[in-house]
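Trainee: Using only what follows, build the 3D model:
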Amino acid sequence: MTHQEILKKVQWKDLKTLTFKEMLIENNLTIPWFLASMALSYFGYYLLALPFSAFFFLAGLRQVHNGFHNSLGTNKFLTWLTLYTNSILLMVSIHAVKFNHIRHHKYCLTEDDYEGKSARMTWYGAILYGPVHMFLIHKITLQLGNKNYVKNVILELTSIAIVAFLVFYFNIHFLMYHIIVMVFAEFLMAFFAVWTVHHDTEDSPEYARTQRKGWKNKITFSMFYHLEHHLFPAVPTIKLPELAKRIDEALPEIEKKNTF
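Mentor: Here you go, the predicted structure:
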């Protein structure tokens, strides 16, 4: 079954629109986790801060991912601002990630899909590849991106460098903790954001893996509804559980490989 046939069989266009409440959730999901992480690390409770930092990172990924697909319900400038601020908070140029993610949808698991390279590796190979992955997505964006992408990447990397310099120069311990944890998390992206959802799907790359266990989706902010996302990238994350139900009803024959 082709992608176009799937689009015709599943009712999905109504899911593109966010209510005001849903828009507030998607645009503020990171705040409580960030504040809790900062408060605990400020008082030196680094181990207690770690799970809150992890949930902040996941929430940040969900937020920028929706921003990539213009699914935050905000205007162009506010979406850009979300991507820019999260670049500093997540310690990576989010526009570089965006450029490669859009290419990932277009060239999924082909030689031109630089984001998806770790999908063809072993799980431990994907983990070891993590630092290379982060370097590569910046390099590719600077080489292949248009002037707007290049400008945003340079702005974001410069801002990250200035913030990191000030934090370490003035020895701001709780922000040093945050930077170190975020950089470590970014090095795991090739495994968590690519390998887990795409390994062993090369024969049908449009059918990514998915996660249908309720509690697992709750603790991962629904980010592992990846089959659903690849088939309908314009649908915001908050709507993916409903989209999954509609796909199951309309196309029960589609194979659904588990993420974890």
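
Trainee: going forward, measure contacts and count neighbours with C-alpha atoms only.
Mentor: Fine.

Trainee: quick one: what helix or strand has K216 in it?
Mentor: Under the criterion of DSSP states H and E, K216 resides in helix 214-219.

Trainee: CA atoms only: put that helix into PDB for me.
Mentor: In PDB, the C-alpha atoms belonging to helix 214-219 read as follows (Å, rounded to 0.1, in the frame of the first residue of the first chain):
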ATOM      1  CA  GLY A 214       0.200   3.400  27.600                       C
ATOM      2  CA  TRP A 215       2.600   3.800  30.500                       C
ATOM      3  CA  LYS A 216       5.600   3.700  28.200                       C
ATOM      4  CA  ASN A 217       4.200   6.500  26.100                       C
ATOM      5  CA  LYS A 218       3.400   8.600  29.200                       C
ATOM      6  CA  ILE A 219       7.000   8.500  30.400                       C
END
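
Trainee: how about that helix: buried residues?
Mentor: N217 (16 or more other Cα atoms under 10 Å).

Trainee: Number the residues from 5 up from this point.
Mentor: With the count now opening at 5, the last piece we talked about shows up as helix 218-223.

Trainee: what is the mean pLDDT for that helix?
Mentor: The predicted model assigns helix 218-223 a mean pLDDT of 86.

Trainee: ditto for stretch 71-84
Mentor: For stretch 71-84, mean pLDDT rounds to 96.

Trainee: And it, end to end?
Mentor: Start and end residues of stretch 71-84 are separated by 8 Å (Cα to Cα, to the nearest Å).

Trainee: got the contact list for it?
Mentor: Applying Cα atoms under 8 Å, 6 or more residues apart in numbering, the external contacts of stretch 71-84 come out as 20-22, 27, 30-31, 67, 70, 86-87, 102, 105-106, 237-240.

Trainee: Those, buried ones only, as a PyMOL selection?
Mentor: Entered in PyMOL, the line below selects the buried ones among the contacts of stretch 71-84, by 16+ other Cα under 10 Å:
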select buried, resi 20+21+22+27+30+31+67+70+86+87+102+105+106+237+238+239+240
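
Trainee: Return the distance of the helix holding K220 from the chain's centre.
Mentor: Its chain's C-alpha centre and that of helix 218-223 lie 17 Å apart, by Cα atoms, centre = their mean, to the nearest Å.

Trainee: where's the nearest residue to A168 once chain neighbours are set aside, which helix or strand?
Mentor: Excluding the flanking residues, the one nearest A168 by Cα to Cα, 6 or more residues apart in numbering is I183, at 7.5 Å. Element membership for I183 (DSSP H and E) is helix 177-191.

Trainee: can I get the CA coordinates of that helix in CSV?
Mentor: The C-alpha trace of helix 177-191 is given here as CSV (Å, rounded to 0.1, in the frame of the first residue of the first chain):
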residue,chain,number,x,y,z
HIS,A,177,27.7,25.1,39.3
PHE,A,178,24.1,24.3,38.7
LEU,A,179,24.2,25.5,35.1
MET,A,180,27.5,23.6,34.6
TYR,A,181,25.6,20.5,35.6
HIS,A,182,22.8,21.3,33.2
ILE,A,183,25.2,21.8,30.2
ILE,A,184,27.1,18.6,30.9
VAL,A,185,23.9,16.5,31.2
MET,A,186,22.5,18.0,28.0
VAL,A,187,25.6,17.4,26.0
PHE,A,188,25.7,13.8,27.3
ALA,A,189,22.0,13.4,26.3
GLU,A,190,22.7,14.8,22.8
PHE,A,191,25.4,12.2,22.3
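
Trainee: List the contacts of it.
Mentor: Around helix 177-191, the neighbours that count as contacts under Cα under 8 Å, 6+ apart are 42, 45-46, 48, 50, 57, 61, 93-96, 131, 134-135, 137-138, 168, 171-172.
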